[in-house]
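In: okay, here's the prediction I keep looking at, along with the sequence it came from:
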There are 4 protein chains.
Amino acid sequence: MIKDTEQERSQVRRQRILDAATQVFTRKGYRDAGMEDIAVEAETSKGGLYFHFPSKQALFLQLLDRMTALFIERTESAIAGEPDPVARADAALRVVIHTFATHRGLTRLFLVEALGAGPEFSAKMLGIHTQFTALIRRHLDDAVTQGAIAPLDTAVAAQVWFGALNQIVTCWALSESPGPLEETYPALRVLLLRSIGVEVDAAHR
Amino acid sequence: MIKDTEQERSQVRRQRILDAATQVFTRKGYRDAGMEDIAVEAETSKGGLYFHFPSKQALFLQLLDRMTALFIERTESAIAGEPDPVARADAALRVVIHTFATHRGLTRLFLVEALGAGPEFSAKMLGIHTQFTALIRRHLDDAVTQGAIAPLDTAVAAQVWFGALNQIVTCWALSESPGPLEETYPALRVLLLRSIGVEVDAAHR
Amino acid sequence: MIKDTEQERSQVRRQRILDAATQVFTRKGYRDAGMEDIAVEAETSKGGLYFHFPSKQALFLQLLDRMTALFIERTESAIAGEPDPVARADAALRVVIHTFATHRGLTRLFLVEALGAGPEFSAKMLGIHTQFTALIRRHLDDAVTQGAIAPLDTAVAAQVWFGALNQIVTCWALSESPGPLEETYPALRVLLLRSIGVEVDAAHR
Amino acid sequence: MIKDTEQERSQVRRQRILDAATQVFTRKGYRDAGMEDIAVEAETSKGGLYFHFPSKQALFLQLLDRMTALFIERTESAIAGEPDPVARADAALRVVIHTFATHRGLTRLFLVEALGAGPEFSAKMLGIHTQFTALIRRHLDDAVTQGAIAPLDTAVAAQVWFGALNQIVTCWALSESPGPLEETYPALRVLLLRSIGVEVDAAHR
DNA sequence: GATGAATGAGCATTCATTCAT
DNA sequence: AATGAATGAATGCTCATTCAT
């Protein structure tokens, strides 16, 4: 009985720490963020941090995992609703752009900090990129199988899609005074679809 | 006369330091590279480093500038030889991929380390990305003007091209056991050209 | 009735903690042993430890006291059985060496760790040494009184005996691959007895 | 030319650090002494310490080595002046006791702190003990060879001598209000010599 | 110009101890 | 009695930078 409350409290604390870490890492970058900063932001103590997470690295990695899961999940569920391969691509693109657009800080953390924070993180990020590209590729392969698009090197195509998106989002995240990220969607959509041989017209909109 | 010799000597020293810094940064990454390491590699002393460069950051930034200039120059000169816009894109793509392919360490430094090394570096890298995308865009605009391709949002297209390339090269640079980077060229070429409405066939090869 | 059971339970717990502490301190040394380790070994919690003992130091000190009492008691009872002073020395020597020989970990803890663990422990150990030397001295004085040995500075003699034993045992405890400690007994016996003017021959064996 | 001065200065600094370390380690013990404390005592900075010594451990070990060398050297030279084996033992005993007597702080550091400061130090101290015992044993063997004393287990005898001395000195070093260490010399002398079969009388005094 | 000794702020991590439950 | 989450002071070590020589 009491246990429930305690576990709850512990979870709340843990969550508070994760949120604080997100804030601080976003604000200062991985290397420049101190555990002290995070502890203060989480209204706890350094020892408290280490009770919940074994190290700074583990804390950051945890963050990356949470975010990755969120992205994959959102993308998958956006895709799930659409039967037509091209519409799927559309939906995925839209949801990804929208997710990034509403979390600029997280985006910078995810696309910029995490890459350069050290070999362990590069490796992790490479893994995450690979997961995403695999997801894209799977659906491109489906599209080919269904005859929706002509056969092509889906591995490279997936990388092109991911990279293009990545680039646009990264620039937006780093820009001093960025416009709305969503505005790039229409043009991007046309280009990416055309790259896999889908000529976009009114029919697909 | 003597002055010339002295200046020469100084330049040689400076160059030696830049080379050493390239080695060490490539080997260890920006944060983990120590000024001591660089001094040793350059066969000089820490004081010597600080005579030629005001700070570690400035030294690294200098390196980025050198590398950027080299890339831009190579790309421009590869383009310069080709009259046809599409052939130009081809040439540029080929030379960029080849340059990366022959310097894996530098590539990692450039595309991965430099991004996450801190706000000043992110900003610098954003600038470099912008330079490149501007270069691409200029030529896309030319192609549109010359009627080689149909009008399109060249800003986004340039980002797509750059991002796609970036992604493919970064994955290759981070991969444990990467295949030859050049092998992706044909598929990438087709996709990128098609994305701007150029259907590739034997005529363009 | 119930109280008895409760008190019993408490004593059991306390004992379990002392045993666990012995294990852990022996394994890791005083400074490197964590209260957490001890709690785990005792199958209780950190809070439980602090219910029974006010501090890490107190716990260790308690251990030292237990061990000292054990040693003194064993030595006294070994001595008690022998009427002849020289035979008493013999018996004491044998039992001490045997006790150490069968607890190498404890010995290291007792003779090495405890000395360097801080001023409080040095002081405690000094006290323990003093207890032992006093014990030895008392019996040497008896021997003098009984005319078994010629008068001598029994204070120094007791220290010599204790120190010699201490040295041999400590070296054995620290050695990487120690031989059987008991083997030193005959030679040690001759030396120590001779040092107080007892020439050893077959009659005393 | 200038180099001489610089090297001198560096040596002075190094020496100042070693002296400071001796002070602080003696005052607080190994574990409780902070590098900060030593830096302050040496009127330098933490960085300065680490320029001259790679770690706290190395600094302490250096100290031990210096002291060991000093002891061995003094003992050897005291021995060198005496032809008669028994006189040698006398001389060695006297010089060792005198050396300890004039450095109570160092003695505590050497005999108490160093033993319990951790496995590396125990090992080191074991080595030092072994060096000393070997030295003693060598001379006991000589004495046997020369017929000055009857054959005996010199290995154990050397340990007995060293241990006895160790014990007496340690107790003195740890005592709150110690008397003059030298006063124990006559009684100790008689006991130790007698232990190896040398009956002391006026002739040897 | 060059050297390298010196600086000192900064930082992740540990751990004995406390206390609300 | 017992738990375990929370605390926070303590510490060895690093490293970009400075400056006397």
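Out: In hand now; what should we look at? Quantities reported herein were computed from a predicted structural model and do not represent experimental measurements.
In: what segments of chain A are helices?
Out: Per DSSP state H, chain A carries helices over the ranges A:2-28, A:35-41, A:46-52, A:56-80, A:85-101, A:104-108, A:114-116, A:119-145, A:154-174, A:185-195.
In: quick one: is stretch A:88-104 near chain B?
Out: No: residues of stretch A:88-104 are not located near chain B by Cβ under 8 Å from any Cβ of the partner chain, the shortest gap being 12.2 Å. Where you see a C-beta, it was placed from the backbone N, CA and C, and this is true even at glycine.
In: looking at chain A, which residue is nearest chain C?
Out: A:F51 (11.6 Å; Cβ to the nearest Cβ).
In: quick one on the thing from earlier: DNA strand F: which of the helices of chain A is closest?
Out: Evaluated with Cβ to the nearest atom of the strand, the helices of chain A place helix A:46-52 nearest to DNA strand F, the distance being 1.9 Å.
In: what's in contact with that closest one?
Out: A:S10, A:R13, A:R14, A:I17, A:M35, A:E36, A:I38, A:A39, A:A42, A:L59 (Cβ atoms under 8 Å, 6 or more residues apart in numbering or on different chains).
In: now list the buried members of the residues you listed.
Out: A:R13, A:I17, A:M35, A:I38, A:A39, A:A42, A:L59 (16 or more other Cβ atoms under 10 Å in any protein chain shown).
In: so can I have JSON lines of the residues you listed showing distance to chain C and pLDDT?
Out: Listed next are the buried ones among the contacts of helix A:46-52 as JSON lines, based on distance: Cβ to the nearest Cβ, whole Å; pLDDT from 0 to 100:
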{"residue": "A:R13", "distance to chain C": "18", "pLDDT": "91"}
{"residue": "A:I17", "distance to chain C": "21", "pLDDT": "96"}
{"residue": "A:M35", "distance to chain C": "20", "pLDDT": "97"}
{"residue": "A:I38", "distance to chain C": "23", "pLDDT": "97"}
{"residue": "A:A39", "distance to chain C": "21", "pLDDT": "97"}
{"residue": "A:A42", "distance to chain C": "23", "pLDDT": "96"}
{"residue": "A:L59", "distance to chain C": "21", "pLDDT": "96"}
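In: need those in JSON lines (columns: distance to DNA strand F).
Out: Shown next, in JSON lines, are the buried ones among the contacts of helix A:46-52 (distance: Cβ to the nearest atom of the strand, whole Å):
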{"residue": "A:R13", "distance to DNA strand F": "4"}
{"residue": "A:I17", "distance to DNA strand F": "8"}
{"residue": "A:M35", "distance to DNA strand F": "9"}
{"residue": "A:I38", "distance to DNA strand F": "12"}
{"residue": "A:A39", "distance to DNA strand F": "7"}
{"residue": "A:A42", "distance to DNA strand F": "8"}
{"residue": "A:L59", "distance to DNA strand F": "14"}
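In: which of the residues you listed lies closest to C:D153?
Out: Nearest to C:D153 out of those is A:M35 (Cβ to Cβ; 61.3 Å).
In: my read: that closest one touches A:P54, true?
Out: No: contact criterion Cβ atoms under 8 Å: A:M35 and A:P54 do not qualify, at 11.9 Å.
In: quick one on the thing from earlier: pull the most distant pair out of the buried ones among the contacts of helix A:46-52.
Out: Spatially, the most separated pair among these is A:R13 and A:M35, at 15.4 Å (Cβ to Cβ).
In: which residues of chain A score low on pLDDT?
Out: Under the criterion pLDDT under 70, the flagged ranges of chain A are A:1-6, A:201-205.
In: got the domain ranges for it?
Out: A:1-54, A:62-205 (automatic domain parsing).
In: who wins for proximity to DNA strand E among those?
Out: Nearest of those to DNA strand E, taken as Cβ to the nearest atom of the strand: domain A:1-54 at 3.6 Å.
In: and that closest one, how far out from the chain's middle?
Out: A distance of 22 Å separates the centroid of the chain from that of domain A:1-54, by Cα atoms, centre = their mean, to the nearest Å.
In: using PDB, write out every CA atom in stretch A:145-160.
Out: Provided in PDB are the C-alpha atoms of stretch A:145-160 (Å, rounded to 0.1, in the frame of the first residue of the first chain):
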ATOM      1  CA  THR A 145       6.400  -4.800 -54.100                       C
ATOM      2  CA  GLN A 146       3.000  -3.400 -54.500                       C
ATOM      3  CA  GLY A 147       4.000  -1.800 -57.800                       C
ATOM      4  CA  ALA A 148       3.400   1.700 -56.600                       C
ATOM      5  CA  ILE A 149       6.900   2.700 -57.600                       C
ATOM      6  CA  ALA A 150       9.400   1.400 -60.000                       C
ATOM      7  CA  PRO A 151      12.200  -0.800 -58.600                       C
ATOM      8  CA  LEU A 152      15.200   1.200 -57.200                       C
ATOM      9  CA  ASP A 153      18.000   1.000 -54.700                       C
ATOM     10  CA  THR A 154      15.800   1.500 -51.600                       C
ATOM     11  CA  ALA A 155      18.800   1.500 -49.200                       C
ATOM     12  CA  VAL A 156      20.200   4.600 -50.800                       C
ATOM     13  CA  ALA A 157      16.800   6.100 -51.300                       C
ATOM     14  CA  ALA A 158      16.000   5.700 -47.600                       C
ATOM     15  CA  GLN A 159      19.300   7.500 -46.700                       C
ATOM     16  CA  VAL A 160      18.500  10.300 -49.100                       C
END
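In: show me the contacts for A:L61.
Out: A:L61 makes contacts with A:E120, A:F121, A:K124, as judged by Cβ under 8 Å, 6+ apart.
In: could you do A:L111 as well?
Out: So A:L111 contacts A:N166, A:V169, A:T170, A:A173 (Cβ under 8 Å, 6+ apart).
In: of these, list those near chain D.
Out: By Cβ under 8 Å from any Cβ, no member of these lies near chain D.
In: would you mind putting the residues you listed into TSV with neighbour count and distance to A:S77 alongside?
Out: Output for the contacts of A:L111, formatted as TSV (neighbours: other Cβ atoms under 10 Å in any protein chain shown; distance: Cβ to Cβ, whole Å):
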residue	neighbour count	distance to A:S77
A:N166	21	21
A:V169	24	20
A:T170	25	25
A:A173	23	24
